[in-house]
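Q: I need the structure of the sequence given here:
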Amino acid sequence: MKVAVVGAGLSGLSAAMHLAGRGHDVTVVEREATPGGRNGVLRQDGFAFDTGPTVFTMVDLLDDAFRAIGRRTSDYVTLKLLDPAYRAFFADGSTLRVWHEHKRMREEIAKESGSLDAAAFDEFVVWLRKLYIAEMPNFIDANFDTPLDLLRNPRAALELVRLGGFGRLGPAIARRFQDERLHRIFSFQAMYAGLAPAQALAIYAVITYMDSIEGVWFPEGGMRAVPEAMARAAEEAGVTFRWSSPVRSIARTGDGRASGVELEDGEIIPAQAVVCTVDLPVAYEKLLPDVRPPRVVRKGSYSPSAVVWHLGVRGEIPEDKGHHNIHFGEAWDEAFTDLLHSGRPMRDPSRLVCVPSLDDDTAAPDGCHTLYVLEPTPNLQVGRIDWAQEAPRMRERLLAFLRAEGYPTDIVTEHLVTPVEWEQQGLAAGAPFALAHTFRQTGPFRPANVDRRVPGLVFAGSGTVPGVGIPMVLVSGKLAADRIDRLR
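A: Modelled structure (predicted):
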C-alpha cells in the first residue's frame, strides 16, 4: 500500500519504519530540512542545542522500530547510560542522586533517608514493575475502538485495580516513603503527563519506572542523533523523504477518504493511506478545515507549558552538577496551583538544568558548555501572561538562579523559548506536552488515532494514543502502522 507520513518527528519515523518493514511503499513529507520534529536542533554561534526532550528511556521501543526494517539500533546510534540519571537539589541545601542500579539506589536512600525508606524502595520497585507489566501490552501498546476495549483483558484490568493503579500517584508515593524528598523524586514525572502528582492516576508511576528503574540514556552526538539515525535507516530500507515540503492539506476523494497530501506549492503526493503526526488541534484546523474536531480536541485540557532557555556559556561546570539537575523549590502543591489553576509563573519554582555538553563533544566549542534551563509555566489556555513583558523578567530570574547555583554565566549565545513560540511551532495552547493525561483524556478517552469520517487517515504523536514522551510517541507510530495494516 502507498502511504504518506506527514512529519519526520519520532512518531512519524517510527510509523515509517514499521510500515516499510511490513512491505508498504512509504513517503515521509517534512516541512523542515532535517528530521526530528519536536526532537529538533538549534545551531547558533558554534553551539548545537537539542530543542526538545532531554530524557531518553525505554531503548527497547527504539529497537523495535529498527528491528521492523531488519536493522539494529547500535549500527546507527550509540546510547550511553547516564548514571546517576538525575541529581536532585533541595531548598534545605540537601541533595539526592537517582542511580540506575537497584543496589546503589537503595544505598543512596539508606544513607540519605534511612533504613525504613531503603526497605520501602525494594517493595516500590516490585510495585512499579507489576504496574508496567500490566499496563504496557494491554493499555499502552494497544489500539482502542471503544471504551469497552478496556475489558478485553479483564485479568490485566483487575490487576491494575488490585495494584491501586486508579488511585492517586502522590498519595501512593507518600504512603511508601517517609522522606518528603523521595516523594518529589518519584512523583515529579507526573509533570510529563500534565498533572500535579496529587491528581495524577497512580498508573502514571509507569513513567517513574521508565526513567528511575529502566534508566536514562543519552545518544552520542546529542538527542538529535536519534531521529537522524532513524531517518538514515528508514531511507536505506526504501522510505522516500521529501524535505522542506510543508503540507497544505490532506487530499481526499469525493466520499471523504484520504488520498494523499497536498503541498503548499500545490503538488499532490498520492497515497492510499496517510499518517498525520501534526498536533491534533492544528491538524484539524490547518489540514482538515471542513472536519469538525472531536470534542476532546476542541475542549480538552492541556499540560503546563515551559520556558526553555538555551545557553552557550564559557566556563567549567561545578563538580556537584551533572547532565540532569533538578532544583526543587520549597513549595510543591502551591507551585502546581500556580501552574494549573492560577495561570501565573510559579512563585517558588522548581527547575531543570541539563548540561548536554558534558556528554556531547559536538555541542560546544572548547572551553564552553551548553545549558538547557527549563521552568514550567502555565499554558496559553490557562495563563493570561503577556510574554512580551514577562520573557525579559523570566530571563533575569533564571540568570540569578544559575549564578546562585554556581553554573557558569559568561554567555556567548542564547535563545529563550516561551509558550508563544511553542504555539508558533504548531503546538496547541503553547503546550509542548500536549493534552494532559486526565482520566477523561487517557486510553480510549484520549483523541483516537482514527477519525471514521476520513477513512484512510491515521494520527500519531503525543496528542493521540498512547500519549506524551519519547516511549509513547514511538509506540504511537507502531499503533498507526497497525491501523493501516487493517486497511489492506
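Q: Give me the below-cutoff pLDDT ranges for this protein.
A: Nowhere does the chain drop to pLDDT under 70.
Q: now residue 5, which residues is it bridged with?
A: Under DSSP bridges, the beta-bridge partners of residue 5 are residue 28, residue 275.
Q: neighbours around it, how many?
A: 34 (other CB atoms under 10 Å). Every residue, glycine included, has its C-beta placed from N, CA and C.
Q: now do residue 125
A: 16.
Q: Tabulate the CA atom coordinates of stretch 250-268 in PDB.
A: C-alpha atoms of stretch 250-268 as PDB (Å, rounded to 0.1, in the frame of the first residue of the first chain):
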ATOM      1  CA  ILE A 250      -4.900  16.200   3.500                       C
ATOM      2  CA  ALA A 251      -6.100  15.300   0.000                       C
ATOM      3  CA  ARG A 252      -9.400  13.400  -0.100                       C
ATOM      4  CA  THR A 253     -11.700  11.800  -2.600                       C
ATOM      5  CA  GLY A 254     -15.300  12.800  -3.100                       C
ATOM      6  CA  ASP A 255     -16.500  10.400  -0.300                       C
ATOM      7  CA  GLY A 256     -14.000  11.900   2.100                       C
ATOM      8  CA  ARG A 257     -11.400   9.200   2.000                       C
ATOM      9  CA  ALA A 258      -7.700  10.300   2.400                       C
ATOM     10  CA  SER A 259      -6.000  10.100  -0.900                       C
ATOM     11  CA  GLY A 260      -2.600  11.700  -0.200                       C
ATOM     12  CA  VAL A 261      -1.300  15.100   0.800                       C
ATOM     13  CA  GLU A 262      -1.300  18.500  -0.900                       C
ATOM     14  CA  LEU A 263       1.900  20.500  -0.500                       C
ATOM     15  CA  GLU A 264       2.000  24.300  -0.100                       C
ATOM     16  CA  ASP A 265       3.200  24.600  -3.700                       C
ATOM     17  CA  GLY A 266       0.100  22.800  -4.900                       C
ATOM     18  CA  GLU A 267       1.800  19.400  -5.700                       C
ATOM     19  CA  ILE A 268      -0.300  16.400  -4.700                       C
END
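Q: Which residue ranges of the stretch 201-350 of the chain form strands?
A: 216-219, 240-242, 247-252, 258-263, 268-270, 273-276, 305-314, 324-327 (DSSP state E, counting those that start in this stretch).
Q: distance of residue 25 from residue 135?
A: 34 Å (CB to CB, to the nearest Å).
Q: Neighbour count: these two, which is higher?
A: residue 135 (24 against 15).
Q: what helix or strand is the more buried one on?
A: helix 115-135 (DSSP states H and E).
Q: Next, the angle from the very next helix or strand once past that helix to helix 115-135.
A: Using DSSP H and E, the helix or strand that follows helix 115-135 in sequence is helix 154-162. Per axes from the mean of the first three to the mean of the last three CA atoms, to 10 degrees, the angle that helix 154-162 makes with helix 115-135 is 150 degrees.
Q: Report the buried residues of helix 154-162.
A: If you call a residue buried by 16 or more other CB atoms under 10 Å, then helix 154-162 has these buried ones: 156-157, 159-160.
Q: helices or strands up against it?
A: When contacts are defined as 3 or more CB pairs under 8 Å, 6 or more residues apart in numbering; DSSP states H and E, helix 154-162 sits against helix 115-135.
Q: give the contact list for the closest residue to residue 123 other than its chain neighbours.
A: Computed as CB to CB, 6 or more residues apart in numbering, the closest residue to residue 123 that is not its neighbour in sequence is residue 176, at 7.0 Å. By CB atoms under 8 Å, 6 or more residues apart in numbering, the residues touching residue 176 are 120, 123-124, 127.
Q: Most neighbours among the residues you listed, please name it.
A: Comparing the contacts of residue 176 by number of neighbours (other CB under 10 Å), residue 124 comes first, having 23 neighbours.
Q: wait, that residue sits on residue 186?
A: Yes - contact criterion CB atoms under 8 Å: residue 124 and residue 186 qualify, at 7.4 Å.
Q: Name the residues contacting each of the two.
A: Between them, residue 124 and residue 186 share these contacting residues under CB under 8 Å, 6+ apart: residue 177.
Q: Let's verify the closest residue in space to residue 215 that isn't next to it in sequence: helix, strand, or coil?
A: Distances taken as CB to CB, 6+ apart place residue 100 nearest to residue 215, at 4.4 Å, with adjacent residues excluded. When classified by DSSP: H, G, I helix; E, B strand; the rest coil, residue 100 comes out as coil.
Q: With mean neighbour count and distance to residue 82 as new columns, can the strands of the stretch 201-350 of the chain be given to me in JSON lines?
A: Converted to JSON lines, the strands of the stretch 201-350 of the chain look like this (neighbours: other CB atoms under 10 Å; distance: least, CB to CB, whole Å):
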{"stretch": "strand 216-219", "mean neighbour count": "23", "distance to residue 82": "5"}
{"stretch": "strand 240-242", "mean neighbour count": "17", "distance to residue 82": "31"}
{"stretch": "strand 247-252", "mean neighbour count": "20", "distance to residue 82": "36"}
{"stretch": "strand 258-263", "mean neighbour count": "21", "distance to residue 82": "38"}
{"stretch": "strand 268-270", "mean neighbour count": "15", "distance to residue 82": "40"}
{"stretch": "strand 273-276", "mean neighbour count": "29", "distance to residue 82": "32"}
{"stretch": "strand 305-314", "mean neighbour count": "23", "distance to residue 82": "19"}
{"stretch": "strand 324-327", "mean neighbour count": "22", "distance to residue 82": "7"}
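Q: Neighbours of the nearest residue to residue 419 once chain neighbours are set aside, how many?
A: Nearest residue to residue 419, sequence neighbours excluded (CB to CB, 6+ apart): residue 430, at 3.2 Å. By other CB under 10 Å, 25 other residues sit near residue 430.
Q: Would you confirm that residue 430 contacts residue 420?
A: Yes - between residue 430 and residue 420 there is a contact at 6.2 Å, judged by CB under 8 Å.
Q: Find residues that contact each of the two.
A: residue 380.
Q: Next, count neighbours for residue 388.
A: 9.
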